[in-house]
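Novice: Need a 3D model of the following:
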Amino acid sequence: MTTTDSERATERPTDDDAVLGRLMLAFEGTELPVDVAERLRSAPAAGVSLFGHANVVPPGQVRLLSDAIQAAAGGRPAGDGLPLIVAADQEGGQLIGLGEGTTLFAGNMAVAATGDVELAERVATATGRELRAMGVNVNYAPVCDLATNPANPAVGIRSFGDDPALVASFVAATVRGLQAVGVAAALKHFPGLGDVADDTHHGLASLDVSRDVLETREFAPFRAGIDAGARVVMSAHLAVPALNDRTDLPATLSPAVMTHVLRDDLAFGGVSITDALDMRALAQGPNQVTDVLAAIAAGVDLLLTTPDPVARERIEAGLRHAAARGFLDPARDVTTAGRVTGLRQWIASFEPPSLDVVGCPAHHALAAELAARAITLVRDDGRLPLELPSGGRMAAIMPQPTDQTPADTSSTVVPGLAAALRRHHDGVDEIIVAHQPSPHEIAAAADAVRDHDIVVLGTSAAFIEPSQAALANAVLRVARGRVITIALRTPFDVAAYPASTCHLSTYGILGPSLDALADVLFGQAPVSGRLPAAIPALHPTGHGIERR
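Specialist: Purely as a prediction, here's the structure:
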């Protein structure tokens, strides 16, 4: 009698190693290491996560790497013939997890600034095609967190905005687009990471709002994503006292959050996964295994490891020991195995496209369309479009791109503001300052622009980084009336330099966004973007343009 895949998924694992099927592995290197290949052949694993800093090479090599992963797993004697999960963070904008060989789409806040959910779905479909062409079948996206706290260092432009209904509509569109081409969407970070001021990569944060607020605000985008058919949900490592009366327990480890709310209240039937296990909101070192077992007991299906072989061995040893002692619930193991098998069967039903789709002309055109439609004029004093005499001089100031949170690939981006402006005017002087400019840099930049006809000043974190605010205010004092300020990341920066009278938001520093900005400044393109999130003290309800 032949055992079918669905029957196999409902059988109880027969040995202690079966619990290892909960792991998403990770490793350092652009080729599959021998020890990881052997691990995939010798014991179960749900799949592998690819990380930009650890694994990313040109798209063709990513495809070879993912093929090698699948081939190694296919060599398991007890394998079921289904593809492993291969996942990555390809959010767009500040987090391009598969590198610059892919199409550089702007991120979620730029997408929402267009107001066009159909465009969002097209962008997600294009992103999904590129992922599948490279052998990636799960995208750790979309971010469902709301941009309700401008001081949040980890969310920012990764969010679609601060309005639950708006964010919900764009989340649903992104899910539809990704999954139409065989890439599972992973809604994150449940139950909502937007309204905190701490980065859970570095420590535990607490979302101190009522259950009623959670229901109407944080949960709305997740409901929409689940209703759209999202196949994966990723947990957040933050405390939610309204759900479990605890200020010290991450949601990842809370049955009240990961089972009662996610499964019972929101009726999610897909695969749940932790956020990365190396984040400092969870225990590290010897106590890490305790939190791993707590996550499983809370109802989480998969465990997201990072490229740390010591931590992985510690986690695997702890899981085997817990299984041998009978500490893991057999019924929960069976349920998880069924969910993961269902996801892998769904992945297997799609054929990957050719690598030719990665960075193809049609996708570049779509990225340019998105960037152009997102540019938002926040303050208008009538100076646009720019007109300079033939010998006129411009200055372009921007901070050196840096990773402001571990969920960030901005440090790989070459500063491009001056280059974008030079497409329209030859006389552009470039001034690059540190992300945290020193008093000397601030004074030098302000002095350097005294005689320029126009100064285009970009900031990337002025709302939360005092030195960037000091830079902007110093330049405005010296060249007021000649300065155009640009929020190159979140739109909130202008609140830190209210003297600016002409201000725009790009929602990112990628090339298409800066080119679109230059086109707007020189009157070569209309400006149509709308603020997806309110700017404190300036636009309390969002979506407006101040004319001065």
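Novice: CA atoms for contacts and neighbours, from now on please.
Specialist: Fine.
Novice: Can you give me the distance of the spatially closest residue to T405 that is not a sequence neighbour to D208?
Specialist: Closest residue in space to T405, ignoring its immediate chain neighbours: A154 at 5.7 Å, by C-alpha to C-alpha, 6 or more residues apart in numbering. With distances taken as C-alpha to C-alpha, to the nearest Å, A154 is found 17 Å from D208.
Novice: Please apply the same query to F463.
Specialist: 22 Å.
Novice: Skipping adjacent residues, who's closest to the residue positioned nearest the centre of the chain in space?
Specialist: For the chain, the residue nearest the mean C-alpha position is E91 (4.3 Å; C-alpha atoms, centre = their mean). Counting by C-alpha to C-alpha, 6+ apart, E91 lies nearest to A141, which is 5.8 Å off, once chain neighbours are set aside.
Novice: Which residues belonging to stretch 249-265 are considered buried?
Specialist: Using 16 or more other C-alpha atoms under 10 Å as the test for burial, stretch 249-265 gives 249-263.
Novice: Find me the pLDDT at A224, would you?
Specialist: Model confidence at A224, given as pLDDT, is 98.
Novice: repeat for the one 5 residues further on
Specialist: G229 carries a pLDDT score of 98 in this model.
Novice: wait, what's in contact with A348?
Specialist: A348 is in contact with 82-83, counting by C-alpha atoms under 8 Å, 6 or more residues apart in numbering.
Novice: quick one, what contacts the residue nearest to the centre of the chain?
Specialist: 97, 107-108, 139-143, 158.
Novice: Of the residues you listed, which belong to helices?
Specialist: Among those, the members falling in helices (DSSP state H) are N108.
Novice: between the contacts of E91, which is closest to L417?
Specialist: Among those, G107 lies closest to L417 (C-alpha to C-alpha), at 17.9 Å.
Novice: Next one: the closest one relative to P439, how far apart?
Specialist: The spacing between G107 and P439, counted by C-alpha to C-alpha, is 32 Å.
Novice: do R480 as well
Specialist: Remark: distance between R480 and P439 (C-alpha to C-alpha) = 20 Å.
Novice: Compare those two and say which is more crowded by neighbours.
Specialist: R480 (17 against 12; other C-alpha atoms under 10 Å).
Novice: For that one, give me its contacts.
Specialist: Applying C-alpha under 8 Å, 6+ apart to R480 gives the contacts S500.
Novice: Number of residues surrounding G382?
Specialist: Residues near G382, counting by other C-alpha under 10 Å, number 11.
Novice: On the three-state scheme, the residue nearest to the centre of the chain is what?
Specialist: strand (DSSP: H, G, I helix; E, B strand; the rest coil).
Novice: What confidence value was assigned to it?
Specialist: For E91, the model assigns a pLDDT of 97.
Novice: Doesn't the residue nearest to T405 belong to a strand?
Specialist: No - A154: not assigned to a strand; according to three-state DSSP it is coil.
Novice: quick one, phi/psi of it?
Specialist: phi -110, psi -20 (degrees, to the nearest 10).
Novice: Quick check, it in contact with I464.
Specialist: No - using C-alpha atoms under 8 Å, A154 and I464 do not qualify as a contacting pair, with a distance of 11.5 Å.
Novice: Which one of F463 and D208 is surrounded by more residues?
Specialist: Counted by other C-alpha under 10 Å, F463 and D208 do not tie: F463 has more neighbours, with 22 against 15.
Novice: Give me the subset of the buried residues of stretch 249-265 lying in helices.
Specialist: Among the buried residues of stretch 249-265, the members found in helices (DSSP H) are P255.
Novice: From the buried residues of stretch 249-265, pick the one nearest A525.
Specialist: Of all those, the one with the least separation from A525 (C-alpha to C-alpha) is L262, at 44.4 Å.
Novice: A154 and I464: which is more packed in?
Specialist: Taking neighbours as other C-alpha under 10 Å, A154 and I464 compare with A154 leading, 21 against 16.
Novice: So A396 belongs to a strand, correct?
Specialist: Yes - judged by three-state DSSP, A396 forms part of a strand.
Novice: quick one: it and E430 touch, right?
Specialist: Yes - assessed by C-alpha under 8 Å, A396 is found in contact with E430 at 5.0 Å.
Novice: list residues touching both of the two?
Specialist: Joint contacts of A396 and E430 (C-alpha under 8 Å, 6+ apart) are A418.
Novice: Which one of these two is surrounded by more residues?
Specialist: A396 (23 against 18).
Novice: can I see the domain layout of the chain?
Specialist: Using automatic domain parsing, the domains assigned to the chain come out as 5-351, 375-547.
Novice: Now do the last one: distance to the chain's middle.
Specialist: Relative to its parent chain, domain 375-547 has a centroid offset of 23 Å by C-alpha atoms, centre = their mean, to the nearest Å.
Novice: Equivalent analysis for stretch 211-225, please.
Specialist: Worked out by C-alpha atoms, centre = their mean, stretch 211-225 lies 19 Å from the chain centre.
Novice: What's the end-to-end length of that stretch?
Specialist: 20 Å.
Novice: Touching it from outside, list them.
Specialist: 144-146, 164-165, 167-169, 171-172, 175, 187, 190-192, 242-243, 266.
Novice: Go through it and flag the buried ones.
Specialist: By neighbour count on 16+ other C-alpha under 10 Å, the buried set for stretch 211-225 is 214, 217-225.
Novice: Format these as JSON lines; extra columns: distance to A367 and secondary structure.
Specialist: Below are the buried residues of stretch 211-225 laid out as JSON lines (distance: C-alpha to C-alpha, whole Å; DSSP: H, G, I helix; E, B strand; the rest coil):
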{"residue": "L214", "distance to A367": "34", "secondary structure": "helix"}
{"residue": "R217", "distance to A367": "30", "secondary structure": "coil"}
{"residue": "E218", "distance to A367": "29", "secondary structure": "coil"}
{"residue": "F219", "distance to A367": "30", "secondary structure": "helix"}
{"residue": "A220", "distance to A367": "28", "secondary structure": "helix"}
{"residue": "P221", "distance to A367": "24", "secondary structure": "helix"}
{"residue": "F222", "distance to A367": "26", "secondary structure": "helix"}
{"residue": "R223", "distance to A367": "28", "secondary structure": "helix"}
{"residue": "A224", "distance to A367": "25", "secondary structure": "helix"}
{"residue": "G225", "distance to A367": "23", "secondary structure": "helix"}
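Novice: Closest one of those residues to P498?
Specialist: Lowest distance from P498 to the buried residues of stretch 211-225 (C-alpha to C-alpha) belongs to R217, with 29.4 Å.
Novice: residues of the longest helix belonging to the chain that come out buried?
Specialist: Ordering each helix of the chain by length in residues (DSSP H) puts helix 330-348 first. Going by neighbour count (16+ other C-alpha under 10 Å), the buried part of helix 330-348 is 332-348.
Novice: need the next SSE after it, C-terminal direction.
Specialist: helix 361-374 (DSSP states H and E).
Novice: Enumerate every residue touching S159.
Specialist: For S159, the contacting residues are 108-109, 143-147, 167, 194, by C-alpha under 8 Å, 6+ apart.
Novice: how does it look with 10 Å?
Specialist: S159 makes contacts with 107-112, 142-148, 167, 171, 193-194, 490, 532-533, as judged by C-alpha atoms under 10 Å, 6 or more residues apart in numbering.
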